[in-house]
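Colleague: Here is a sequence with its predicted model. Questions after.
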Amino acid sequence: MKNWQMVENDADVNLMADVLKLPPILAHILANRGLRSKNTALKFLHPAKKFFHDAGLMKDMDLGVKITLDGIEAGKKICIFGDYDADGICATTILHKSITALGGKCIYYIPDRETEGYGLNTAALDKLAGDVDILITCDNGIATIAEVAHAKALGMAVIIIDHHEAPFVEGEGLRIEQLPEAEAIIDPKQSACFYPFEALCAAGLCYKFSMSLFEAAGKTFELDNELLIFATLATFCDVVDLIDENRIIAANGLALMRENLSSNIGLNALVKRRDLDYNKIGAFEIGFVIGPCVNATGRLESAATAVELFLANKQSEATRLADRLAELNEERKALTRDFVEKTIAELEGTELDKVLVIYSPEMHESIAGIVAGRVKDALNRPAIVITDSGDVAKGSARSIEGYNIFEEMQRHKDLFLRFGGHPMAAGVTLPHENVAILRKRLNDACALDSDDFIPNLRIDKMLDTDDITFELAQQLEILGPFGKGNRKPVFCSTDIFTETCEIIGQSGTTMRLTFRTASGRKIWAVAFGMVDKFAASLPENIAQMFLGRTVKTLTIKIDIAYHLEINEYNGNKSLQLNVVDIKTHV
């Protein structure tokens, strides 16, 4: 059950439509998103690269660029210290390609998820000692005070490029950041940075850093298209808000991919291995087909495999590595499916905590974040999944709207050996004996109530059935790409009488229904994963026939919330509604 909320705005939608030369429904959606001035709306509708903010406005950007270029000119050895997720892998690829293209001596290091964990660690730094003059972290570093000090003691200059929240201490009503003493810290979330946009992912920051490197070196940014595509992959995979600069990156990167302008043979090999058509690549294909393959390397093997793929310069090597990524992803999917089903089954029928702290010692730690996300989605509660990792426990957290899990866990940082993250996700390492203490403390302090656990469904506009058209579905595409921060528009129509309702597919979880508009047009709608909920709302005898697939013609009065989609099959395009919630009048 979802709580339907109509999004309200008091804008003069007709005036907006006239000024922007848009259909009123699109103007209404822009107003719902807060895009009510002509300039902001036009920048949103036309996310051109000319609207990028000046990278020099970011604290320490120019300083980090100077240290790097001076190091390249002096022949110093540079190491990029990345992360094992898709954002860290893409960020590492961007920096390595940029620095080597400018003539730099560059290596990279990706920590092992199981043996080293996230971020800088002293053991890795000791391995690099003597071989590295400049250390550049990407997608990590902002919380590693002791490790940065150790790197400097080993003679390394340290540049941090990170997008995570800076750690802090609180006392007497004050919040004081605690930052590493690096030569340069490039993180728009630090309080001393006044960059106009702070929601870039790490690869987005590294793309901006690379742009600045080439500009400061007085050279044409010849890698622009290739690196923009990697920033786009990370922007979708790291689920950052698709607004402002992230929207510019995503829109332009997708356009390059759809024009088959990727010059990276490794990425091309992976796209081919997953049977994708560049012309049809969108947010789904990146987030749920390409991204999981990239992430799987860091979960089950070494994320360096993915970096090797993207740095490959031979087709045979690219094909081999792409095959390996696909194989690892299949292993990851099987592991994830088993543990998600097991974890949710164990929670069903129990009295749920407000904050779910789940200790599953036998779970592979690499999938803890995925399982936490699936549990959070299924039960709409913050979820922290913790596993055994030798002498310590490691966990990943995923949160819901209205619960800043980074800040809540930060208040109990005395329980952790390592901790980092942002409002919707975090990662921890802690002693086993502190797991139960963490569960109690978080739940004792949690201010969420029962209403917070009912997911809200924001509906942009109620449509009369005759307003549901193929043309409107086409017009809505200008608002994409869609994702976090720019959700796909949701419409609703009420008091509809279905003509047919049937279960489709082998899984038995998807249903298809049809109804007529006021003028008599037939509309097709598909509802994924809603069979059980729909059946539960029907009289028992009808539900049994529906579930037994012995009835197809079923006239019932419903309200539906949906996305307008264009379905393409055998070269033909047609209108389809993707149902996101359904209510029956029985």
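Modeller: Received, thanks.
Colleague: For the helix or strand where Phe406 lies, give me every contacting residue.
Modeller: Applying DSSP states H and E as the criterion places Phe406 in helix 405-410. Helix 405-410 has contacts (Cβ atoms under 8 Å, 6 or more residues apart in numbering) with 165, 167-168, 355, 382, 384, 397-399, 416, 419, 421-426, 428, 438, 442, 445-446. All C-beta atoms are positioned from the backbone trio N, CA, C, and that covers glycine.
Colleague: Out of these, list just those in strands.
Modeller: 168, 384, 397-398, 419, 421-422, 425-426, 428 (DSSP state E).
Colleague: Name the member of those with the most neighbours.
Modeller: The residue in the ones in strands among the contacts of helix 405-410 with the most neighbours, by other Cβ atoms under 10 Å, is Ala397 (29 neighbours).
Colleague: Please name the residues that touch that residue.
Modeller: Neighbouring residues of Ala397 by Cβ under 8 Å, 6+ apart: 372, 382-385, 405, 409, 421, 425-428.
Colleague: how about a cut-off of 7 Å?
Modeller: Applying Cβ atoms under 7 Å, 6 or more residues apart in numbering to Ala397 gives the contacts 372, 382, 384, 405, 409, 421, 425-426.
Colleague: Give me the distance between Glu317 and Leu311.
Modeller: Glu317 sits 10 Å away from Leu311, going by Cβ to Cβ, to the nearest Å.
Colleague: Repeat that for Ala269.
Modeller: To Leu311, Ala269 is 12 Å away according to Cβ to Cβ.
Colleague: And for Arg113?
Modeller: Using Cβ to Cβ, Arg113 is found at 20 Å from Leu311.
Colleague: Show me which of the contacts of Ala397 is closest to Ala518.
Modeller: Distance to Ala518, by Cβ to Cβ, is smallest for Pro382 among the contacts of Ala397, at 43.7 Å.
Colleague: list the helices and strands the helix or strand containing Ile185 packs on?
Modeller: For Ile185, the host element (DSSP H and E) is strand 184-186. Packing partners of strand 184-186 (3 or more Cβ pairs under 7 Å, 6 or more residues apart in numbering; DSSP states H and E): helix 61-73, strand 157-161.
Colleague: residue ranges of the strands in the stretch 151-300 of the chain, please?
Modeller: Using DSSP state E, counting those that start in this stretch, the strands of the stretch 151-300 of the chain run over residues 157-161, 168-171, 174-177, 184-186.
Colleague: what residues does the strand holding Ile185 touch?
Modeller: Outside strand 184-186, the residues that touch it by Cβ under 7 Å, 6+ apart are 58, 60-61, 63-64, 67, 159-161, 179, 205, 209.
Colleague: Let me know the distance separating Leu564 from Pro24.
Modeller: As judged by Cβ to Cβ, Leu564 and Pro24 stand 15 Å apart.
Colleague: More neighbours: which of those two?
Modeller: A direct count of neighbours by other Cβ under 10 Å for Leu564 and Pro24 places Leu564 higher, at 23 against 14.
Colleague: and the more buried one, what are its bridge partners?
Modeller: On the basis of DSSP bridges, Leu564 is bridged to Leu577.
Colleague: Would you confirm that it contacts Ala473?
Modeller: Yes - using Cβ atoms under 7 Å, Leu564 is in contact with Ala473, at 4.2 Å.
Colleague: what angle sits between the host helix or strand of His96 and helix 61-73?
Modeller: Secondary structure assignment for His96, by DSSP H and E: helix 86-101. Orientation check (axes from the mean of the first three to the mean of the last three Cα atoms, to 10 degrees): helix 86-101 against helix 61-73 gives 50 degrees.
Colleague: which two in the ones in strands among the contacts of helix 405-410 are spaced the farthest apart?
Modeller: Using Cβ to Cβ, the pair of those lying farthest apart is Phe168 and Arg398, separated by 21.8 Å.
Colleague: what about this structure, any weak spots by pLDDT?
Modeller: By pLDDT under 70, the low-scoring segments of the chain are 1.
Colleague: Can you tell me who the residue lying closest to Tyr108 once chain neighbours are set aside pairs with across the strands?
Modeller: Distances taken as Cβ to Cβ, 6 or more residues apart in numbering put Ile80 closest to Tyr108, at 4.4 Å, once the chain neighbours are dropped. When bridges are called by DSSP bridges, Ile80 pairs up with Tyr108, Ile136.
Colleague: For Val294, see how far away the closest residue in space to Gly266 that isn't next to it in sequence is.
Modeller: Ranked by Cβ to Cβ, 6+ apart and with sequence neighbours excluded, the top spatial neighbour of Gly266 is Leu309, at 4.0 Å. According to Cβ to Cβ, Leu309 and Val294 sit 8 Å apart.
Colleague: hey, what's in contact with both of those two?
Modeller: Both Leu309 and Val294 are contacted by Leu325, under the criterion Cβ under 7 Å, 6+ apart.
Colleague: Next, please give the residue ranges for the helices of the stretch 301-450 of the chain.
Modeller: Remark: helices assigned in the stretch 301-450 of the chain by DSSP state H, counting those that start in this stretch are 304-311, 315-347, 368-379, 405-410, 435-445.
Colleague: most tightly surrounded among those helices?
Modeller: Counting by mean count of other Cβ atoms under 10 Å, helix 304-311 has the highest mean neighbour count of these, with a mean of 23.
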